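S.K.: Here is the input, now give the coordinates:
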Amino acid sequence: MTITRSDAWSAVNFFMLVACTALSLSFTVSLLFYKMGLPTDIGAYIRLNLFVSACVALPTAIIASLHDFHMRAYQRRLEEMAWTDALTGLLNRRFFIHAAEEERSRMRRTRQSAALVLIDLDHFKQVNDLHGHTGGDVVLKEVAAIAHSELRGPFDRLGRWGGEEFVVLLSCVDQEQAMLVCERLRRRIEQTIVRIGTKEVSVTASFGMCMMSPETPLNAAIECADGALYAVKRTGRNHVLCHQVPEGDAAPIVTSLPVRRRFGARGQQVAAAPLPANDGERVSGRKAASS
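M.R.: Numbers count the residues shown, from 1 in each chain. The predicted structure is shown next:
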C-alpha cells in the first residue's frame, strides 16, 4: 500500500481535530463543575481533569486518525483498481472509453483533431509458449512502460485494450504528427531487448490508426483503427497504417473483445495519404497502404 504525503497530512489533521475536541470538551466540563461549586481546589481539579482527559483523548485520536488514514488509502486503492489494468498499470478498457469520450467533448470545443491507435504485439503467442505466461507478462509490462515514456504525459491517453493489445489516444495532432509518433514508438519496441530470467526476448508491434474529427463517433474510430490493424497483420506486420472512417458508416457498439475478433476482415477501408520522407525514411504506413 502506497503512502502519499496527502494521506499522511490528512491523518495528522484528523488526529489534531479529535485530540483538541476531546480536550476542549473536558475543559468545558471542568469549568461547569467549578461554576456549580463542586470542587474545593479549582486548580488541582482542572489539572487532574486535563490529565485524565489527555490519557483518554490522545489514544482515541491516534486510533481514529489511523482508521481514517487506512480508509482513505483503501478507498484510493479501490478507485485505482476500478480504472487501471492490474498488470500494466495502464487505463483499462472501460475507463479508456470514458476518457476518450471526455476528449471528444473537449475536441468539440477546441475544434482540434486527434488520433486513435490500436497496437498489437506480433506473434505474442510464441512468447507465451516459449517463456510461459510469466514471461509474457514481463514483456507486456515492458512494452507498456516504453509506450508510456514515449507519450505526452497527461495529454495523451494510453490503455490496455485486452490481451496483447494496447490503445492510444493522441490529442491535438494531425495525421503526419500521429504517424511520426507511432513510427517512433514502433522502432523503440522493435529495438528493445527484454530479459526474462537468463534469456533475452525481442518483439515487434503492428499499429492501426484512425484520425478523429470532433464529429467522429468513438465506436467508428475504434472500428476504423481495428480495420487498419487487421490490414497490417495481413500484409507483414510491424508497421503503421492509417485508415479513414468511411462517410456514413455506422460502427457497431464496442463490447468486451477486440472488434476484429468479432467481425473479421473489413471491406470498406480507405488507406492513408502518403506522407513526406522523414530523415531519409518513408513512414512504414505508406508502404503498407500501397501494397
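
S.K.: where does the stretch 101-250 of the chain dip in pLDDT?
M.R.: Counting by pLDDT under 70, the stretch 101-250 of the chain shows low-confidence ranges at 247-250.

S.K.: So which residues of it form strands?
M.R.: With strands called from DSSP state E, counting those that start in this stretch, the stretch 101-250 of the chain shows them at 114-121, 157-162, 165-171, 194-196, 199-201, 205-212, 240-244.

S.K.: now for these, which one comes closest to A99?
M.R.: With CB to CB, the closest approach to A99 among the strands of the stretch 101-250 of the chain belongs to strand 157-162: 5.0 Å. Heads up, the C-betas are built off the backbone N, CA and C, glycines and all.

S.K.: tell me which residues in the closest one are buried?
M.R.: Applying a neighbour-count criterion of 16 or more other CB atoms under 10 Å, the buried positions in strand 157-162 are R157, L158, G159, R160, W161.

S.K.: Then stretch 198-205?
M.R.: Within stretch 198-205, the residues that qualify as buried are V201, V203, T204, A205, counting by 16+ other CB under 10 Å.

S.K.: Turn those into a markdown table, columns for distance to V232.
M.R.: Shown next, in a markdown table, are these (distance: CB to CB, whole Å):
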| residue | distance to V232 |
| --- | --- |
| V201 | 21 |
| V203 | 15 |
| T204 | 11 |
| A205 | 10 |
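
S.K.: tell me which of the residues you listed is nearest to R195?
M.R.: The shortest separation between R195 and any of these is 7.7 Å, and it belongs to V201 (by CB to CB).

S.K.: Quick one: residues contacting the closest one.
M.R.: In this structure, V201 makes contact with V127, H131, G135, V139, I193, V194, R195, judged by CB atoms under 8 Å, 6 or more residues apart in numbering.

S.K.: mind running it again at 6 Å?
M.R.: Contact analysis of V201 by CB atoms under 6 Å, 6 or more residues apart in numbering lists V194.

S.K.: Could you do the one 4 residues further on as well?
M.R.: With CB under 6 Å, 6+ apart as the criterion, the residues that contact A205 are I119, L121, R186, I189.

S.K.: what's across from the second one in the sheet?
M.R.: In this structure, L121 has beta-bridge partners A205, where bridges are defined by DSSP bridges.

S.K.: That one: neighbour count?
M.R.: Using other CB atoms under 10 Å, L121 has 21 other residues around it.

S.K.: wait, doesn't it sit right on V203?
M.R.: Yes: L121 is within contact range of V203, at 5.3 Å (criterion: CB atoms under 6 Å).

S.K.: that older thread, which one of the strands of the stretch 101-250 of the chain lies closest to N92?
M.R.: Evaluated with CB to CB, the strands of the stretch 101-250 of the chain place strand 157-162 nearest to N92, the distance being 6.5 Å.
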